[in-house]
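Peer 1: From the sequence below, what's the structure:
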Amino acid sequence: MKASALLLACALPWQAWSAEPPLRFIAPLNHAMPFGGFEKDKLATGIVKDLSDAIAARLGRPAEYISVPPRRVGQVLASGGADGVCYVAPDWIDGNFHWSPPVLEQQGVVAARPQSPPVTRLQDLAGQPLGTVHSYRYPQFEQALGSRFVRDDAPTMLINLRKLAAKRTNYALTEQITLEFHNKLQPQDGLKAAFQTTRYRTHCAFTLAHPLPLDRLDQAVRDMVRDGSVERILARYR
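Peer 2: Numbers count the residues shown, from 1 in each chain. Predicted structure coming up:
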């Protein structure tokens, strides 16, 4: 064997071994556009994918996605079955994780049809079925309304907005950006934000079950917020 061929043969296994492994992100199956679009239960597009892809790229690593039912997100992450999940807040999932700096700030809203009765305070919604998402937590409504917080669960927020447009409910709980995305696709529905609820920050959460370059991940998030990358991702879906 020639020396060059021998060197190549020896180099290939080392290169394969030394290649940076992918960052494995959870794709919760109750995401819908603009946050997550699925094809055959595989995350294919959306804000969450774009954010996670960009974070991995800044570390020189590919991103992989593991589709997980919403109730198992915390369990899979805590056990090390995935490296991270983006677009999440500490009171949304149970477990001990490393939390990144804030990535996205979102405005919660009560969506309504033009003909829906006005809402001036949360108590106006007591006892009324509200479009909610399976496994989502709504602490503001739970605290304000108690037993008179009536959930009408659907698999995703977009399905709730379709139910609202079809007059199956008077109100749905969502985010401003999701409502804008729906109205961009279905302007004839005329859905509106009847009431602003909590404004909240979301993060990426990373497992503590195995070593990760947490400082570099945090820096990637800070840099993306600072240099406008996060806003440019959001702009694609507005």
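
Peer 1: phi, psi of the spatially most central residue of the chain?
Peer 2: Compute the mean C-alpha point of the chain, and by Cα atoms, centre = their mean the closest residue is residue 87, 3.6 Å away. Torsion angles at residue 87 (phi, psi; degrees, to the nearest 10) stand at phi 60, psi 70.

Peer 1: how close does it sit to residue 233?
Peer 2: 11 Å (Cβ to Cβ, to the nearest Å). For every residue, glycine as well, the C-beta is placed using N, CA and C.

Peer 1: Spit out the residues that contact the two alike.
Peer 2: Jointly contacting residue 87 and residue 233 under the rule Cβ atoms under 8 Å, 6 or more residues apart in numbering are 47, 51.

Peer 1: Moving C-terminal from the one helix or strand in the chain whose mean pLDDT sits lowest, which element do we reach first?
Peer 2: Every helix and strand of the chain was ranked by mean pLDDT, DSSP states H and E. The lowest is helix 3-18, at a mean of 40. Downstream of helix 3-18, the first helix or strand assigned by DSSP states H and E is strand 23-28.

Peer 1: Okay, helices next: where are they in this structure?
Peer 2: 3-18, 47-58, 73-78, 139-145, 157-165, 176-185, 214-226, 229-235 (DSSP state H).

Peer 1: And the shortest one, what's buried?
Peer 2: Applying a neighbour-count criterion of 16 or more other Cβ atoms under 10 Å, one finds 73, 74, 76, 77, 78 buried in helix 73-78.

Peer 1: circling back to that earlier point, so the residue nearest to the centre of the chain makes contact with residue 100?
Peer 2: No. Look at residue 87 against residue 100 with Cβ atoms under 8 Å: they stay out of range, at 11.0 Å.

Peer 1: how much does the lengthiest strand in the chain deviate in direction from helix 47-58?
Peer 2: In the chain, with assignment by DSSP state E, the single longest strand is strand 192-206. Comparing the axes of strand 192-206 and helix 47-58 via axes from the mean of the first three to the mean of the last three Cα atoms, to 10 degrees yields an angle of 30 degrees.

Peer 1: Between residue 87 and residue 100, which contacts overlap?
Peer 2: Joint contacts of residue 87 and residue 100 (Cβ under 8 Å, 6+ apart) are residue 204.
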